[in-house]
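Engineer: The following block contains a protein sequence and its predicted model.
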Amino acid sequence: MIRIRAFAVIAALLTFAATALAAEPVRIGVTIAQTGPAASLGIPQRNTIALFPDTIAGEKVEWIVLDDGSDATKAVANMRKLIDESKVDVIVGSSITPASLAMIDVAAEQKIPMITLAASAKLIEPVEGSRKWVFKAPQSDSLMADAIADYMAKAGVKSVAFIGFNDAYGDGWLTEATRALGAKEIKLVDTERYARTDTSVTGQVLKAMAAKPDAILIAASGTPAALPQKTLKERGYTGTIYQTHGVANADFLRVGGKDVEGTILPAGPVLVAAQLPESNPIKKVALDYVQRYEAKYGAGSMATFGAHAQDAELMLAAAIPVALKTAQPGTPEFRVALRNALEGIHDVVLTHGISNMSPTDHSGLDTRARVMVTIKDGSWVLLP
């Protein structure tokens, strides 16, 4: 009788332990640029995460958000802290390419999936080695460079000067712009670089203007992208200025003011969600995000960078239930299962596009993830 009772007690304890294990939340670690030069990217991402429910697809989740100050070294330190101390199952971040590049090897070393909120295709291409653990929410610079080159060609642009960040973001854009422009037989007549923290780019602007280009492409992100454009206007440049999708937020409009009127850039559909045709499958998801964000933070406050965080959540909402079929949160097995589930995402509608991942594509976005827009009277306007 005593032995039977002992077995009953053990069985009860095992049942309790299994229940406790099943109740373990999915822990999502986030490192983003809430301060520093890229704060205009990281703040809307932080604000977006604050809108998330405490469940994903019915599973309890815990978001742990740290500020990396737009610094690659801090981003890596945050990532290790989230893994070692908070025992997270997945990493989201960082906001910018240099920091995200520094995080890749840690993801592979710790065998933990990572969803970057930065743009460079170098973060996920080729999908081999360390990059097997990295996925990307934003559109790649390659996808957007093609959109710019296509638009320039149709507009009759024959020559372009390039002014970009002197970091990995600028490097990636210079590579992709050179490729895309070359394919359209558009000549790159001058290349200039500057730092995110620079307060003057007069020298770079004068050299670019001296090359007499039909148009100028500024490859920068956030509010620092306004500096070359304001300087170009001050120096009397009258040609067309193109920017990248790294400027699609209200802070760029505020800092640029009248000097950014007429700018042309590729952007995610969410930026002009209300202007999309009703037939566009992205419109409903994008509008829902815009309405929720602006209900909390004010009309016109939505930024596409925050929508990248929303898309990371939507990607996880599709992948977590699949991973839970084979492993429990808080285990190495769950990390592997989640990585595999993210790689198998199919036809997931995001605010920026429709995601179809594969073993050779960890971006998953196609041309549906981009539109061309301009700035008119301080607002974003969809171009035909």
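Structural biologist: Sure, I can see it.
Engineer: Distance of Thr374 relative to Ser140?
Structural biologist: 22 Å (C-beta to C-beta, to the nearest Å). Yep, even glycine has a C-beta here, placed from its N, CA and C like the rest.
Engineer: May I see the buried residues of the helix or strand in which Lys207 is found?
Structural biologist: Applying DSSP states H and E as the criterion places Lys207 in helix 202-210. For helix 202-210, a neighbour-count test (16 or more other C-beta atoms under 10 Å) marks Gln204, Val205, Ala208, Met209 as buried.
Engineer: any idea of the mean pLDDT in stretch 81-94?
Structural biologist: Averaging pLDDT along stretch 81-94 yields 98.
Engineer: still on that earlier bit, the helix or strand just after the helix holding Lys207 to helix 202-210, inter-axis angle?
Structural biologist: Downstream of helix 202-210, the next assigned helix or strand under DSSP H and E is strand 215-219. For strand 215-219 against helix 202-210, the angle by axes from the mean of the first three to the mean of the last three C-alpha atoms, to 10 degrees is 150 degrees.
Engineer: change the start of the numbering to 763 and stick with it
Structural biologist: Will do, 763 is the new start, and the previous item becomes strand 977-981.
Engineer: what's in contact with strand 977-981?
Structural biologist: 910, 914, 919, 921-927, 931-932, 935-936, 939, 970, 987, 990-991, 994, 999, 1001-1006, 1008 (C-beta atoms under 8 Å, 6 or more residues apart in numbering).
Engineer: In the helix or strand following it, which of the residues would be classed as buried?
Structural biologist: Using DSSP H and E, the next helix or strand after strand 977-981 towards the C-terminus is helix 988-996. Across helix 988-996, burial judged by 16+ other C-beta under 10 Å covers Ala988, Leu989, Pro990, Gln991, Lys992, Thr993, Leu994, Lys995.
Engineer: these two touch, right, Ala864 and Lys836?
Structural biologist: No. In this structure, Ala864 is not within contact of Lys836 by C-beta atoms under 8 Å, at 9.7 Å.
Engineer: Domain map for this structure?
Structural biologist: 764-901+1056-1127, 904-1029 (automatic domain parsing).
Engineer: Tabulate those domains in a markdown table, adding columns for distance to Val1047.
Structural biologist: As requested, these are exported to a markdown table (distance: least, C-beta to C-beta, whole Å):
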| stretch | distance to Val1047 |
| --- | --- |
| domain 764-901+1056-1127 | 5 |
| domain 904-1029 | 16 |
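Engineer: Out of these, flag the one nearest Lys1045.
Structural biologist: Set against Lys1045 and scored by C-beta to C-beta, the domains of the chain come closest in domain 764-901+1056-1127, at 9.8 Å.
Engineer: Would you pull up how far that closest one lies from the middle of the chain?
Structural biologist: How far domain 764-901+1056-1127 lies from its chain's middle: 13 Å, per C-alpha atoms, centre = their mean, to the nearest Å.
Engineer: wait, which of the domains of the chain is closest to Ala1036?
Structural biologist: Of the domains of the chain, the one closest to Ala1036 (C-beta to C-beta) turns out to be domain 764-901+1056-1127, at 10.7 Å.
Engineer: and Glu1040, which of the domains of the chain is closest to it?
Structural biologist: Comparing the domains of the chain under C-beta to C-beta, the one sitting nearest is domain 764-901+1056-1127, at 14.7 Å.
Engineer: still on that earlier bit, out of the buried residues of helix 964-972, which comes closest to Gly798?
Structural biologist: Gln966 (22.0 Å).
Engineer: Checking the closest residue in space to Phe1096 that isn't next to it in sequence next. Helix, strand or coil?
Structural biologist: Spatial nearest neighbour of Phe1096, chain neighbours left out: Ala1089 (4.0 Å); criterion: C-beta to C-beta, 6 or more residues apart in numbering. Taking DSSP: H, G, I helix; E, B strand; the rest coil as the rule, one finds Ala1089 in the coil state.
Engineer: Could you count how many residues lie near Ala1089?
Structural biologist: Using other C-beta atoms under 10 Å, the number of residues around Ala1089 comes to 16.
Engineer: I'd say Val919 and Glu947 touch.
Structural biologist: No. Counting by C-beta under 8 Å, Val919 stays clear of Glu947, with 10.5 Å between them.
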